[in-house]
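Peer 1: Sharing a model prediction with you, sequence too.
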Amino acid sequence: MRIENIEKTRLTADVFEEKNFGSSFSDHMLVCEFKENEWQEPVIKPYGQINFTPAMHALHYGQACFEGMKAFKGENGDVFLFRPEKNFERINKSAERLAMPAIPKEIFLDGLKALIDLDRAWVPSKYGMSLYIRPVIFSTEEIISARGSNSFMFVILTSIAPDYYNKPLRVKVADHYSRAANGGVGYAKAAGNYGASFYPTGLAKEEGFDQVIWTDAATHSYFEEAGTMNIFVRIEDKLLTAPISDRILNGVTRDSLILLAEKNGMTVEQRPIEVSEVYEANQNGSLKEVFGCGTAVVLNNFSAIGYADKVMELPEITEESWGPQLKKQMNEIQYGIADDPFGWRVLVERK
């Protein structure tokens, strides 16, 4: 691995007050090219532009996937990653589905640690804030033939992450547009999954909602995901979440919350969740809470769900609500405040 042209930091105090997620980028990035059928030496260099032509393959055919991760700073200044091996495994699963070459472990994990170590001053020390990490692979061949590319680029860039959502969300159940279908790329973090979601999300926002709850493409009868998040529903004292499939992303936060909930003695069921089941539970008072989870948001409860021509107002969040309890416990592990019984926290060593 090569580190080149290290420059004086661009970091200023007001960067940490930035309210827009993903718009303040740190000093450096990792770049690694795949050409002549192999990954080249990765380079860490100043963050900046990369030159491409309009014929770059990814612009035309969407051969691109990415990951979302975070770095956290503890009270003593130590910097931690959270389950980075899970992201390494998932990006290669996404790459395989999109006919892209697997990234070697030493490039992804060793390169990631070296980059975060170099830019550790960019990791906020304020509780609730973090440094968001975006690894991405995309096709770079200069060609517009409809076939897989022969050249690719892997980049890791980082950005200041404030609290992503600071209020309960109003969400609407999708009954026409779909996020994913059987046999598709729903389980991959493919760039196109997100681009196709912006239009129906915009329509929901025009109606006063914040996000969309995606349902199955065949019947629109079952909860699958919520916006860019996995979804959990608590009915009485059972926590339900949709099972992983080729339509649903295997979220690292989702998996962590399931393990954390079970450690707390909470009953968790991974099974299909019918929209009508949630509506009926809301009507009879057994629906306690619904929340989404993901890397950027960690966990966010919902305040209302739009369903057909109705709006289900959800119970007010209290100290007894499971969502805030689980979020607090996970945050305390991520920031090094609490013990880590799962071995999730990975220290970024100073080198």
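Peer 2: Looks like it arrived, so ask away.

Peer 1: How many neighbouring residues does the closest residue to residue 180 other than its chain neighbours have?
Peer 2: Once flanking residues are discounted, residue 180 sits nearest to residue 186: 2.6 Å by CB to CB, 6 or more residues apart in numbering. Where C-beta positions appear, they are placed from N, C-alpha and C, glycine not excepted. By the criterion of other CB atoms under 10 Å, residue 186 has 22 neighbours.

Peer 1: low-confidence ranges in the protein?
Peer 2: Across the chain, the ranges flagged by pLDDT under 70 are 18-19, 164-165.

Peer 1: change it to 90
Peer 2: Where the chain drops to pLDDT under 90, the residues are 1, 4-24, 162-167, 308-309, 319, 351.

Peer 1: just the CA coordinates of the helix or strand residue 257 falls within, formatted as CSV?
Peer 2: Here residue 257, judged by DSSP states H and E, is contained in helix 252-263. Below are the C-alpha coordinates for helix 252-263, written out as CSV (Å, rounded to 0.1, in the frame of the first residue of the first chain):
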residue,chain,number,x,y,z
VAL,A,252,-25.2,-5.4,9.7
THR,A,253,-27.3,-3.2,12.0
ARG,A,254,-30.3,-5.5,11.6
ASP,A,255,-28.2,-8.6,12.5
SER,A,256,-26.6,-6.7,15.5
LEU,A,257,-30.0,-5.6,16.8
ILE,A,258,-31.4,-9.2,16.7
LEU,A,259,-28.4,-10.5,18.7
LEU,A,260,-28.6,-7.6,21.1
ALA,A,261,-32.4,-8.0,21.6
GLU,A,262,-32.0,-11.7,22.2
LYS,A,263,-29.3,-11.0,24.8
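
Peer 1: Tell me how far that helix lies from the chain's centre.
Peer 2: Relative to the chain's own centre, helix 252-263 is displaced by 15 Å; criterion: CA atoms, centre = their mean, to the nearest Å.

Peer 1: Name the residues that touch it?
Peer 2: By CB atoms under 8 Å, 6 or more residues apart in numbering, the surrounding residues in contact with helix 252-263 are 82-83, 86-87, 90, 230, 232, 239, 241, 268, 270, 293-295, 298-299, 322, 326, 329-330, 341-342, 344.

Peer 1: Can you name the residues in contact with whatever helix or strand comes next after it?
Peer 2: Using DSSP H and E, the helix or strand that follows helix 252-263 in sequence is strand 267-270. Counting by CB under 8 Å, 6+ apart, strand 267-270 makes contact with 237, 238, 239, 240, 241, 242, 243, 244, 258, 261, 262, all of which sit outside it.

Peer 1: helix or strand for the third one, which one?
Peer 2: In this assignment (DSSP H and E), residue 239 forms part of strand 238-241.

Peer 1: Report the strands that pair with that strand, each with its relative direction.
Peer 2: Paired strands of strand 238-241, with direction, are strand 229-235 (antiparallel), strand 267-270 (parallel) (DSSP bridges).

Peer 1: before we move on, the earlier item: what is the nearest of the contacts of strand 267-270 to residue 43?
Peer 2: residue 244 (35.4 Å; CB to CB).

Peer 1: For the nearest residue to that closest one once chain neighbours are set aside, give me the backbone phi and psi.
Peer 2: What sits nearest to residue 244 in space, not counting adjacent residues and going by CB to CB, 6+ apart, is residue 250, at 4.9 Å. Backbone torsions of residue 250, given as degrees, to the nearest 10, read phi -80, psi 80.

Peer 1: Contacts only, for residue 250.
Peer 2: So residue 250 contacts 90, 187, 244 (CB under 8 Å, 6+ apart).

Peer 1: Tally up the residues packed near the first one, please.
Peer 2: Neighbour count of residue 90, defined by other CB under 10 Å: 20.

Peer 1: circling back to that earlier point, looking at the contacts of helix 252-263, which are in helices?
Peer 2: 86, 87, 90, 322, 326, 329, 330 (DSSP state H).

Peer 1: okay, how far is it across stretch 202-222, tip to tip?
Peer 2: Start-to-end span of stretch 202-222 (CA to CA, to the nearest Å) is 22 Å.

Peer 1: from the middle of its chain, how far away would it be?
Peer 2: A distance of 19 Å separates the centroid of the chain from that of stretch 202-222, by CA atoms, centre = their mean.

Peer 1: any idea how far residue 89 is from residue 4?
Peer 2: Distance, residue 4 to residue 89, using CB to CB, to the nearest Å: 29 Å.

Peer 1: again with residue 183
Peer 2: Distance from residue 183 to residue 89, by CB to CB: 21 Å.

Peer 1: Show me which residues of stretch 157-174 are buried.
Peer 2: Using 16 or more other CB atoms under 10 Å as the test for burial, stretch 157-174 gives 157-165, 168-174.

Peer 1: What of stretch 109-121?
Peer 2: Buried, per 16+ other CB under 10 Å, within stretch 109-121: 109, 111, 112, 113, 114, 115, 116, 118, 119, 120.

Peer 1: what does stretch 119-128 give?
Peer 2: For stretch 119-128, burial by neighbour count (16+ other CB under 10 Å) applies to 119, 120, 122, 123, 124.

Peer 1: With secondary structure as added columns, please give those in a markdown table.
Peer 2: A markdown table is the format used below for the buried residues of stretch 119-128 (DSSP: H, G, I helix; E, B strand; the rest coil):
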| residue | secondary structure |
| --- | --- |
| 119 | coil |
| 120 | helix |
| 122 | helix |
| 123 | coil |
| 124 | coil |
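
Peer 1: mind listing the strands for the stretch 51-200 of the chain?
Peer 2: With DSSP state E, counting those that start in this stretch as the criterion, the stretch 51-200 of the chain has strands at 64-66, 69-73, 79-82, 130-139, 152-161, 169-173.
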